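Trainee: Next come a sequence and a model predicted from it.
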Protein chains: 2
Amino acid sequence: MGNPTIYDVARTAGVGVGTVSRVLNNSTRVSPETQEKVMSAIWALGYRRSKVARQLSTGIQHRNIGAIMPYITPPSFVERLRGIQMALSHQDNDFNLILYTVSEPDRQREQLLTIIDQSTVDGLLITALNISDEERSLLTQAGIPFVLLSDECNGENNCISPDNIQGGALATQHLLQLGHRRVAYVGDAFPNNYGIPTSELRYQGYLSALESYGIAFNSNYVALGVHGEEAAYTLTQALLNLPEPPTAIFAMSDIQAVGCIQAIRAAGLRVPEDISVIGFDDVQLSRYVGLTTIRQHLEQSGYMGMQTLLEMLNTPDQVLPRQLPPLELIVRGTTQPFNPVQGAG
Amino acid sequence: MGNPTIYDVARTAGVGVGTVSRVLNNSTRVSPETQEKVMSAIWALGYRRSKVARQLSTGIQHRNIGAIMPYITPPSFVERLRGIQMALSHQDNDFNLILYTVSEPDRQREQLLTIIDQSTVDGLLITALNISDEERSLLTQAGIPFVLLSDECNGENNCISPDNIQGGALATQHLLQLGHRRVAYVGDAFPNNYGIPTSELRYQGYLSALESYGIAFNSNYVALGVHGEEAAYTLTQALLNLPEPPTAIFAMSDIQAVGCIQAIRAAGLRVPEDISVIGFDDVQLSRYVGLTTIRQHLEQSGYMGMQTLLEMLNTPDQVLPRQLPPLELIVRGTTQPFNPVQGAG
DNA sequence: CTGTTAGCGCGTTCAG
DNA sequence: CTGAACGCGCTAACAG
């Protein structure tokens, strides 16, 4: 049933396995004619040599590090990927980077099991995924060190995350300080499919900032939907149609902020003259768009995550817990002080 | 010298290897106390079981596909990655995706050799890299199928590329049709470090378009430098200081076009009122910036590349050569007809 | 130049 | 419940 082996090749070529191995490895010590016989046998049988057997025999150990995340191409993941990549190349380990994407939330467990079962990786970097206690112990049991790039850590030292609540507060405070009072929140509906509480945490920050400024909470100003530019666009349209539309919007991510801005412009209004918009993340795009936002050092978090994982693999004894630099308000061109004239909406 | 094996563990635990294997695999049929003995032996020796041996023994074959490219995070690579990823998940193969980045051009050969030598991958997708004849035959000899995502194919059917010359002509023609006569080219100095002729090809297109419109070539309007936004910015500044500055710029990539635009604005001029700018690639960013550009279907090229590689791996008999859809002019907001008033520069 | 044989480290029988 | 022996597919060392 299985694929043909060197023994099969040797037999049909009428030679010994050693010879086959030799031609496979370009050992020059083979006569041209036997070489030819072997080659044709290989071709006839469709033989392909087994990676694993070869590796076991040669003793060559190539180590793999897996990085698993829901997506790889949205800006915020690209940034982290860059950091991951940098950490990997900086300490020129000979680690291979294997990328896994969790195509559907339901399949996360299954994928993790496969990874563990096939023992494909020596370490795992888990990004923006919610790992159950069972999954954790499975990983530990299998002896696979892992670190979490998460949105909420409970004091674990193999976990790195920004302070999303504080970030949400920071963004909202900026708007409030500018004099805005009708401040909306545009974010993902929570809990989302992957069980990540990002939106909820930033929303909590929004709430607390409102409270510390003594501003009454208005549920009409909370617009939740699926993640992405399009949804943010639609959500914003609804916001603009309110009897008293907001004069400022805090979008939980830069990409959603862009959606908000486009909706505002499509409605014939200007940013920031008529409505201020602040995002979150500070992905590369935001620089080009001139978006005011909260920088959460995504690239660095990827870097640190990979760095600690490498430590866990190389010197398991002492891994130092790392901490991200504090969140930063980056003021660019999409927010400005509240102007009493505005709000004619 | 090597790492401890189950034999070592068995010996120090005073049991047989079979028992060790059982506790390693959660076989419940082990008495709690021997289990305990084994565990502590494992811990004491710092034992970690060998992936390869396990795989060889269980017969589990996990196949790896490698994707190698100079970088992974610039927009044009992200787009291709998305396509690669999609192709991989669409036909739910159980292939792992291993990402390699060629940190330095000089190390490309070395990295390829390592990949071949360690027989890490079953197939290789080579993106934006110049592969020598020797490297090709090394790959072939090792039985590793590969496909090229390149910028110039010589009729090979394991190679996918856009028609860069035609694209360059397309972009330039657009500017010319709008009435511009002083048209500049901003691109990478060629040949670049990785030996990729992209810039040169698009430049050829630029030249041919100029010629077909009977416009004299002016070397002052050709600005070449390292790739990236910053360099394009500087290059553009020089262009603007010319006695007769260009009224339109063709930048060989979107990211460079963005650099041009920023330089123009920094000089107090407007795009497109004072100077028109067209890019190349149509990466996601361009949509947000409203950049006129040439769409080269990057995502689709990644998809097609992975698709044909999978075919080569699964049904080596017949792989159909694929062809990218034609390049497309995408007119957005950064180009407009030449206005005789402009050029006061 | 070539056939034979002994491991590589682990899982899994098969007897105890 | 546990220990011993075999085999996974290949490489390398050793005789011819």
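Mentor: It's in.
Trainee: how about low-confidence regions in chain A?
Mentor: For chain A, the stretches flagged by pLDDT under 70 are A:1, A:27-28, A:92, A:342-345.
Trainee: I'd like to know how far A:Phe240 sits from B:Gly290.
Mentor: In this structure residue A:240 is Leu, not Phe. Between A:Leu240 and B:Gly290 the computed distance is 22 Å (C-beta to C-beta, to the nearest Å). In short, each C-beta sits where N, CA and C put it, glycine included.
Trainee: now A:Ser199
Mentor: A:Ser199 is 29 Å from B:Gly290, where distance means C-beta to C-beta.
Trainee: now swap in A:His297 and tell me
Mentor: On the measure of C-beta to C-beta, A:His297 and B:Gly290 end up 29 Å apart.
Trainee: Neighbour count for those two, which is higher?
Mentor: A:His297 (20 against 11; other C-beta atoms under 10 Å in any protein chain shown).
Trainee: thinking that one is in contact with A:Ile330, fair?
Mentor: No. Contact criterion C-beta atoms under 8 Å: A:His297 and A:Ile330 do not qualify, at 11.3 Å.
Trainee: All the strands of chain A, residue numbers only.
Mentor: A:64-69, A:96-101, A:123-127, A:146-149, A:159-160, A:183-188, A:222-225, A:248-251, A:276-278, A:293-295, A:328-330 (DSSP state E).
Trainee: so A:Ala263 touches A:Gln237, yeah?
Mentor: Yes. Using C-beta under 8 Å, A:Ala263 is in contact with A:Gln237, at 5.2 Å.
Trainee: When those two are compared, which one has more neighbours?
Mentor: Remark: of A:Ala263 and A:Gln237, A:Ala263 carries more neighbours, 24 against 15, as counted by other C-beta under 10 Å.
Trainee: contacting residues around that one?
Mentor: With contact taken as C-beta atoms under 8 Å, 6 or more residues apart in numbering or on different chains, A:Ala263 is in contact with A:232-234, A:236-237, A:240.
Trainee: Quick check: the gap between it and A:Val226.
Mentor: Remark: distance between A:Ala263 and A:Val226 (C-beta to C-beta) = 15 Å.
Trainee: before we move on, what about A:Thr236?
Mentor: In terms of C-beta to C-beta, A:Thr236 sits 14 Å off from A:Val226.
Trainee: ok, now A:Thr247?
Mentor: Distance, A:Thr247 to A:Val226, by C-beta to C-beta: 25 Å.
Trainee: More neighbours: which of these two?
Mentor: A direct count of neighbours by other C-beta under 10 Å for A:Thr247 and A:Val226 places A:Thr247 higher, at 23 against 13.
Trainee: which residues does that one contact?
Mentor: Contact analysis of A:Thr247 by C-beta under 8 Å, 6+ apart lists A:180-183, A:274-276, A:338, A:342-343.
Trainee: Next, count neighbours for A:Ala44.
Mentor: Counted with other C-beta under 10 Å, A:Ala44 comes out at 12.
Trainee: ok, the nearest residue to it once chain neighbours are set aside - how many residues close by?
Mentor: For A:Ala44, ignoring the flanking residues on the chain, the nearest one in space by C-beta to C-beta, 6 or more residues apart in numbering or on different chains is A:Thr12 at 6.8 Å. If you count neighbours by other C-beta under 10 Å, A:Thr12 ends up with 17.
Trainee: Just give the number of residues close to A:Leu235.
Mentor: Other residues lying near A:Leu235 total 24 when counted by other C-beta under 10 Å.
Trainee: One more: the one 3 residues further on?
Mentor: A:Ala238 is surrounded by 13 other residues when neighbours are defined as other C-beta under 10 Å.
Trainee: wait, what's in contact with it?
Mentor: Neighbours of A:Ala238 in contact, by C-beta under 8 Å, 6+ apart: A:Ala223.
Trainee: tally of neighbours for A:Arg80?
Mentor: So A:Arg80, with other C-beta under 10 Å, has 27 neighbours.
Trainee: With A:Pro32 instead?
Mentor: When neighbours are counted by other C-beta under 10 Å, A:Pro32 registers 6.
Trainee: could you measure it against A:Val23, distance?
Mentor: Distance from A:Pro32 to A:Val23, counting by C-beta to C-beta: 10 Å.
Trainee: Equivalent analysis for A:Asp317, please.
Mentor: Separation of A:Asp317 from A:Val23 (C-beta to C-beta): 46 Å.
Trainee: out of the two, which sits in the more crowded spot?
Mentor: Neighbour count, other C-beta under 10 Å: between A:Asp317 and A:Val23, A:Val23 has more, with 20 against 8.
Trainee: So that one sits against A:Gln35, correct?
Mentor: Yes. A:Val23 lies in contact with A:Gln35 (C-beta under 8 Å); the separation is 5.3 Å.
Trainee: got the contact list for the residue nearest the centre of chain A?
Mentor: By C-alpha atoms, centre = their mean, the mean C-alpha position of chain A lies nearest to A:Phe77, the distance being 4.0 Å. Counting by C-beta under 8 Å, 6+ apart, A:Phe77 makes contact with A:69-71, A:127-128.
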